[in-house]
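[1] Provide a 3D model corresponding to the input given below.
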Amino acid sequence: MADSGQPRRRRLVPWNPEEAGPEGGAPRPPPPSPGGRSPLKWVLLAVAALVLAVLVWRVVVVLPEFLPDRAQEEAPADPVPQPVPPDVEPPPTGDRSDARAARDHARALRDAVRLEAAGSPQEGTLLDIERHFVRAERAEERRAYAEAQSEYRRAVRELEELRRGVAAWRAARDGIDALEENLRDVRLVDAFEADALREVREGLSRARAAMEIGRYGEAANLAKSAAARLAEARQSARGRLEAEVARGQRALAEGDAAAAVEAFDRVLDLDPANEAAGIGRQRADTIEEVNARMREGRRLENAGDLRGALAAYAGAADLDEYAVDARQAVSRVRRALRDQAVEDGFREVSRLIKADRWDEAEQRLRDLRAEYPEDNRIARRMEAFAEERRLNRVRVALIAAREAESAREWERARSIYRDLIDTRVDRPEVIEGYERTGRVLRAKQAFAINIRIARDAADRGDYQDAITRFNAAMERKPDYVDLTPEQEQLQRFLEQQSRPVPVTFVSDGRTLVSYVGPMNRSPAVMEREETVELLPGRYRVRGSRSRYRPVEFELLVRGDEPPGPVRVVAHERDR
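    Residues are numbered from 1 along each chain as shown. As a prediction, the model looks like this:
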């Protein structure tokens, strides 16, 4: 009894219809062989199979080695990694999951290769590879998972081999197409490198022939080699073209217009977009006139006519804007004219300085700087001018200060010295003059103060203090200062007050008499009449007696007017 848990086995249709029974039924039994099994038949079949295998091996492996150019076939430019040989692959596991993984991998690779092979000559190979998928699927239906996994592996190997073939075909096709594209414009190469161009075209023909017989790697290498040779030829032709341009430019420099026209016309015929040749061709039409103007400019420059030379050089530069020698000559003459103008300006500035016209000299320098701002000499001359003007101002100020000192205008002289010091002039004569005028002004001030104090003291009657102050004033008085009439009068008055004056005191013989002033006397009984020598000045006289009211009064003693008898008697009793 069949196991109901097992799926029903599907009937397999034989691959050879002749093996099927009538109307697709059971297969026919093989016809009986006479005498049962025949050993001779099996031996003959084995020998035939061995001979067939040897022939296939010679055709597939040995014979291609002796084909023409087979041994010299180069490897592809970008080799594709080779698949793992079947003998190193692990044997099929027979597991269902491994078979399905192999199936998914093979199907994904088949889809990718189908897209890559679209339009290629190998596209039909995919139909041959499909047999492995059919066999694998039938094996899976029979649950022969090891067999299915083996078929999927064979499909993967053939797909990878197909992918490599398609890549080689595409590389060969792209190389040939690129080479054909590069050969469309080879006028320059054909003119200078005809032999190389012939080699390139022969290489292209060989690449096409290899492509037609399916030797794609060889075709790609041939196309690549021809492309490299074409690039080398292009570079060489470009160099020879540039040499032709250089020849024309040398002819221009030598003034040979005909040779220049010939060289540039040949270059433009081969390369109409050549900018250097186009410019040179334009210059060749005016080179004779340019050279004539350059000769005239050199003649005028040698004769010293810089402005005429500048006009000639500028005319040459206008005719040929690429004439380097003309532009250099224009620059050189302009510099010479500028230097000449600057030197003339400097001489004028020096003349104005000698004439003490400093403001005009400064303005002339400013005009030069505005006219030639790029000339650094003007900036340096302005710095030197500023220093010269400062030194001149110092010199003028010192002269004015000395003149003020000579005129005894000490305040003005000191002010000049102070202004110089404030402007950072630290010359010794300036500092000494400032200190000297300070001493003189301080001495004058001290003299004036002492004279004023002496006069005030004399007016108060403090003659001795006045004499002391007057003497101090005379000690501080500068030698050049003369006394004014008023000061001389004060001096004579004080001389009169400098000598003692006899003063007679009258007393009753019982009163104590004392006085305080320039000279002092302690209280003592004075004789009825007593004369003493007193220095002129203001005194305070006091007379006192027991049980009497004291007597006090002020006494002014003057040398020019001696006082009369001075009575000092305390006669009023104290109540």
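
[2] so who does residue 136 touch?
    99, 103, 106, 147-149, 151-152, 155 (Cβ atoms under 8 Å, 6 or more residues apart in numbering). Placement of C-beta: from N, CA and C, glycine included.

[3] quick one: it from residue 129, how far?
    Per Cβ to Cβ, to the nearest Å, residue 136 is found 11 Å from residue 129.

[4] give me the common contacts of the two.
    With contacts taken as Cβ under 8 Å, 6+ apart, residue 136 and residue 129 have residue 155 as neighbours in common.

[5] so the residue lying closest to residue 500 once chain neighbours are set aside: helix, strand or coil?
    Leaving out its chain neighbours, the residue that sits closest to residue 500 by Cβ to Cβ, 6 or more residues apart in numbering is residue 533, at 4.0 Å. Counting by DSSP: H, G, I helix; E, B strand; the rest coil, the backbone at residue 533 sits in strand.

[6] I figured residue 533 was touching residue 518, is that so?
    No: using Cβ atoms under 8 Å as the test, residue 533 is too far from residue 518 to be in contact (11.4 Å).

[7] who does the residue nearest to residue 500 bridge with?
    Beta-bridge partners recorded for residue 533 (DSSP bridges): residue 502.

[8] please shift the residue numbers so they start at 388 in all later answers.
    Sure, I'll start numbering at 388, so the last one becomes residue 920.

[9] what's around it, how many residues?
    Residue 920: 10 surrounding residues under other Cβ atoms under 10 Å.

[10] circling back: pick out the most distant pair among the contacts of residue 523.
    Taking Cβ to Cβ, the two most distant members of these are 493 and 534; they sit 14.1 Å apart.

[11] so which of the two has more stuff around it?
    Just comparing residue 493 and residue 534: by other Cβ under 10 Å the higher neighbour count belongs to residue 493, 24 against 18.

[12] so for residue 716, what's the nearest residue that isn't a sequence neighbour?
    residue 700 (4.1 Å).

[13] neighbours around that neighbour, how many?
    Using other Cβ under 10 Å, residue 700 has 28 other residues around it.

[14] what ranges do the strands span in the protein?
    Remark: strands assigned in the chain by DSSP state E are 888-893, 899-903, 908-912, 916-921, 924-932, 935-944, 953-954.

[15] give me the pLDDT for residue 430.
    In this prediction, residue 430 carries a pLDDT score of 68.

[16] so the residue nearest to residue 716 touches residue 681, yeah?
    Yes: with contact defined as Cβ under 8 Å, residue 700 and residue 681 form a contacting pair (7.1 Å).

[17] name the residues contacting each of these two.
    Taking Cβ under 8 Å, 6+ apart as the contact rule, residue 700 and residue 681 both touch 713, 716.

[18] ok so, going back, looking at the strands of the chain, which is nearest to residue 645?
    Within the strands of the chain, the stretch nearest residue 645 is strand 924-932; the backing value is 128.4 Å (Cβ to Cβ).

[19] helices or strands next to the closest one in the packing?
    Strand 924-932 sits against strand 899-903, strand 935-944, with contacts defined as 3 or more Cβ pairs under 8 Å, 6 or more residues apart in numbering; DSSP states H and E.

[20] mind checking which of those is nearest residue 709?
    Nearest to residue 709, of all those, is strand 935-944, at 115.3 Å by Cβ to Cβ.

[21] got the angle between that closest one and strand 888-893?
    Here strand 935-944 points in a direction 160 degrees away from that of strand 888-893 (axes from the mean of the first three to the mean of the last three Cα atoms, to 10 degrees).

[22] contacts for strand 935-944, please.
    The contact list for strand 935-944 (Cβ under 8 Å, 6+ apart) reads 848, 888, 890, 898, 902, 904, 921-931, 950, 953, 955-961.

[23] redo that, cut-off 10 Å
    If you take Cβ atoms under 10 Å, 6 or more residues apart in numbering as the criterion, strand 935-944 is touched by 848, 850, 884, 887-890, 892, 897-902, 904-906, 921-932, 950, 953-962.

[24] buried ones only from those, please, as a ChimeraX command.
    This is the ChimeraX syntax for the buried subset of the contacts of strand 935-944, where burial follows 16 or more other Cβ atoms under 10 Å:
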select :848,850,884,888,890,892,898,899,900,901,902,904,905,906,921,922,923,924,925,926,928,929,930,931,932,953,954,955,956,957
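
[25] on that earlier part again, looking at the contacts of residue 523, which is nearest residue 817?
    residue 493 (109.8 Å).

[26] any idea how far the residue lying closest to that closest one once chain neighbours are set aside lies from residue 940?
    Leaving aside its chain neighbours, residue 493 sits nearest to residue 539 (4.4 Å; criterion: Cβ to Cβ, 6+ apart). According to Cβ to Cβ, residue 539 and residue 940 sit 159 Å apart.

[27] run through this structure and note the low-pLDDT ranges.
    Filtered on pLDDT under 70, the chain yields the residue ranges 388-426, 428, 430, 440-475.

[28] again, only using 50
    For the chain, residues meeting the criterion pLDDT under 50 lie at 388-424, 447-471, 473-474.

[29] the most centrally placed residue in it: what's it in contact with?
    What sits nearest the mean C-alpha location of the chain, by Cα atoms, centre = their mean, is residue 761, with 22.3 Å. Shown in contact with residue 761 (Cβ under 10 Å, 6+ apart): residue 725.

[30] now residue 897
    Taking Cβ under 10 Å, 6+ apart, we find residue 897 in contact with 912-913, 915, 930, 932-933, 935, 956-957.

[31] does residue 604 touch residue 552 like I think?
    Yes: if you go by Cβ atoms under 10 Å, residue 604 and residue 552 touch, sitting 9.5 Å apart.

[32] buried set for stretch 510-527?
    Buried residues in stretch 510-527, defined by neighbour count with 16+ other Cβ under 10 Å: 512-513, 516, 519-520, 522-523, 525-527.
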